[in-house]
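Student: Okay, predicted coordinates and the sequence, questions at the end:
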Amino acid sequence: WSATKLNVLSEKYNLPIRSIHQPIWSGLEWHFDEGIADFAKSLGTTTIVYHPLPSLSFQDKKMQRYLEKIALLQEKKGITVCLENMAQKHTIKFLNYLFPLHSTTTDMNELFAVAKQYNFKVTLDTDHLQNIAPHKEPWFKKNIDRIGNIHLSSFHKEQEHMPLYMGDFQGKEFMQALSEMDYKGLITMEIYYPGVVSVFPYDFNAIKKSVDFLKEN
C-alpha cells in the first residue's frame, strides 16, 4: 500500500501502472474507501476496477445505493470506474457459502445496462464469463465502446485464470476481433498459475509466454 515504493518499482522496471482494483473490504462493503481514488492518482492512473456487491441483484436497493456512491466518487474525484462481471462461483470455494454470487452480476446485458445508467465503463473478465468466444456474442460488438478494461485469461472446467496458450479460450481469435473492432481500452493479463493459492513460486514466465502467444497472431 505504499505509493512511493510502487512508483519506484514502476520506474525501475519501466512498467507504468494503468489501473488498480478496489480493496476487498470495499467490494464486500465493509468499508467504502474514498481514499482509493487519491491512491490511484498518486500511482499515475485514474482507472479503478470495481465489483458489484456479490450476493445482491442489480435491482436490490442496497446494491443501488452502493453503485450511487461509486458514481458520486467517480464524479467527485475524476476517476474512471470499470464495473466487472462476476463469476458464477468464487474460486475459493468456502466463499460461496459466505458470499454467494447473484446471477444478475454474471449477465452481460444487465451489466452493460447498469454501467450505462451510472456512466461507468466495464471490466470484462473472460474467465468469469466462461465463454470461449465472447467476441461472437451479440452484446460484445454492441457495447465495445463501453469496455474499458479486459481481464484476460483462459480456462477449462477444472482450472481458472490459465495462461492463454492453455485451456479452451479462443485467445487469438478474440484478439483479432478486438483489432477489427478498434478496441481502445486496457488489457490486463490476469493469470494465476498454477493456481490462486499455491506453495510454488508464481510463474511469471506464463504471462510472458501468453503475450508471445498472442503476438504470433
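Tutor: Now that the structure is in, tell me what you want to look at.
Student: When you work out contacts or count neighbours from here on, use the C-alpha atoms and nothing else.
Tutor: Fine.
Student: Kindly export the helix or strand of the chain with the lowest mean pLDDT (C-alpha atoms) in CSV.
Tutor: When each helix and strand of the chain is scored by mean pLDDT, DSSP states H and E, helix 95-98 comes last, with a mean of 71. Below are the C-alpha coordinates for helix 95-98, written out as CSV (Å, rounded to 0.1, in the frame of the first residue of the first chain):
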residue,chain,number,x,y,z
LEU,A,95,-16.5,-18.0,0.0
ASN,A,96,-19.5,-19.5,-1.9
TYR,A,97,-21.1,-20.2,1.5
LEU,A,98,-20.2,-16.8,3.0
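Student: mind listing what's buried in that helix?
Tutor: Buried positions in helix 95-98, judged by neighbour count with 16 or more other C-alpha atoms under 10 Å: none.
Student: distance between it and the chain's centre?
Tutor: Offset of helix 95-98 from its chain centre (C-alpha atoms, centre = their mean, to the nearest Å): 20 Å.
Student: contacting residues around the helix or strand following that helix?
Tutor: Scanning forward in sequence from helix 95-98 by DSSP states H and E, the next helix or strand is helix 108-118. Contact with helix 108-118 is made by 58, 67-68, 71, 83, 85, 104-105, 121-122, 139, 143, 146, as judged by C-alpha atoms under 8 Å, 6 or more residues apart in numbering.
Student: Among those residues, which are located in helices?
Tutor: Among the contacts of helix 108-118, the members found in helices (DSSP state H) are 67, 68, 71, 139.
Student: Give me the ChimeraX select line for the residues you listed, limited to the buried ones.
Tutor: Applying 16+ other C-alpha under 10 Å to these leaves a buried subset, and the ChimeraX line that selects it is:
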select :67,71
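Student: Out of the contacts of helix 108-118, which one has the weakest pLDDT?
Tutor: Ranked by pLDDT, those bottom out at residue 104, which has 86.
Student: Please report how far that one lies from residue 33.
Tutor: According to C-alpha to C-alpha, to the nearest Å, residue 104 and residue 33 sit 25 Å apart.
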